Structure formats: structure tokens, C-alpha cells
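need a structure here:
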Amino acid sequence: QVQLVESGGGVVQAGGSLRLSCAASGRTSSMHTMAWFRQAPEKEREFVASITYSGGSTSLADSVEGRFTISRDIATNTVALQMNSLKPEDTAVYFCTTRVVSGRRYWGQGTQVIVSS
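Sure thing, here's the model as predicted:
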């Protein structure tokens, strides 16, 4: 199993920045891809960004391209989401997730991001 713990959420004004972090523990050697999803009130959970754990290849949703960056630190088993130029529509609970080589997916508990206008 893999355990994921997110941190770094909070309240920020539009145009500001936040950095989310996700710490993984357990069978981290089995992780293949790590990603961030978000869920706004009364909306479905949506993809934000992903990174392959070994090669570091990244993918970003169109809505955050050019504003968000995803990175990983293999030594500390952490994945970060740097969020710049935040907009009110970025307000959501952000979830860290990982897919291991078996195909199983694990989720963190989520961290709240609120962007005020």
C-alpha cells in the first residue's frame, strides 16, 4: 500500500501563488505516476496535472497550463504542485493520487485551496 498526505493549501488572493506538497510513504517503489486532481463544490473531480515518477514526464490540464507546474523529488518521495496566477475558479479541494504498477490507485485526503477575488 501507499499512503499520501497533502499539505500547503490555504486562502490566497487572485493573482497569488500557493505550493502544494504531497508526501508518499509505504510501497513507494511501486509508484508509476503521481497526479493532482481537484474538486470544486457541486462539481466532479477533475484532472490537474501528472508526472511519471521515474522519468519525470509531465502533463497539465489546459485550464492550468502556463500557471501550474508539477515536480517530484524521488529522494524524499514528494510531489509538488506550484500554482501561480491563481484565479477564483481554481478554488477547490486538491487531491494527490498515485497509480502503482499493478494499476491500483491511491488517494490522499485532500487539501483546500480558496482563491478570493
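
For beta bridges, what are the partners of the residue nearest the centre of the chain?
Residue closest to the mean C-alpha point of the chain, counted by Cα atoms, centre = their mean, is residue 36 at 2.8 Å. As for beta bridges, residue 36 partners with residue 49, residue 96 under DSSP bridges.

my guess is it meets residue 95, correct?
Yes - using Cβ atoms under 8 Å, residue 36 is in contact with residue 95, at 7.0 Å. C-beta here means a position set from N, CA and C on the backbone, and glycine is covered the same way.

Show me where this protein has its strands.
2-7, 10-13, 18-26, 31-39, 46-52, 58-60, 68-73, 78-83, 92-100, 105-107, 111-116 (DSSP state E).

Just send these back as CSV, with mean pLDDT too.
Shown next, in CSV, are the strands of the chain (pLDDT from 0 to 100):
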stretch, mean pLDDT
strand 2-7, 96
strand 10-13, 98
strand 18-26, 97
strand 31-39, 95
strand 46-52, 97
strand 58-60, 97
strand 68-73, 96
strand 78-83, 97
strand 92-100, 97
strand 105-107, 96
strand 111-116, 98
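
how near is residue 116 to residue 18?
12 Å (Cβ to Cβ, to the nearest Å).

Between those two, point out the one with more neighbours.
Counted by other Cβ atoms under 10 Å, residue 116 and residue 18 do not tie: residue 18 has more neighbours, with 21 against 11.

Quick check: chain neighbours aside, which residue is closest to that one?
Among residues not flanking residue 18 along the chain, residue 83 sits closest, at 4.9 Å (Cβ to Cβ, 6 or more residues apart in numbering).

and if you look at residue 84?
residue 17 is the one closest to residue 84 (Cβ to Cβ, 6+ apart), at 4.7 Å.

and the residue nearest to residue 18, what is it in contact with?
17-20, 64, 67-68, 90, 113 (Cβ atoms under 8 Å, 6 or more residues apart in numbering).

My guess is residue 74 contacts residue 51. True?
No - look at residue 74 against residue 51 with Cβ under 8 Å: they stay out of range, at 10.9 Å.
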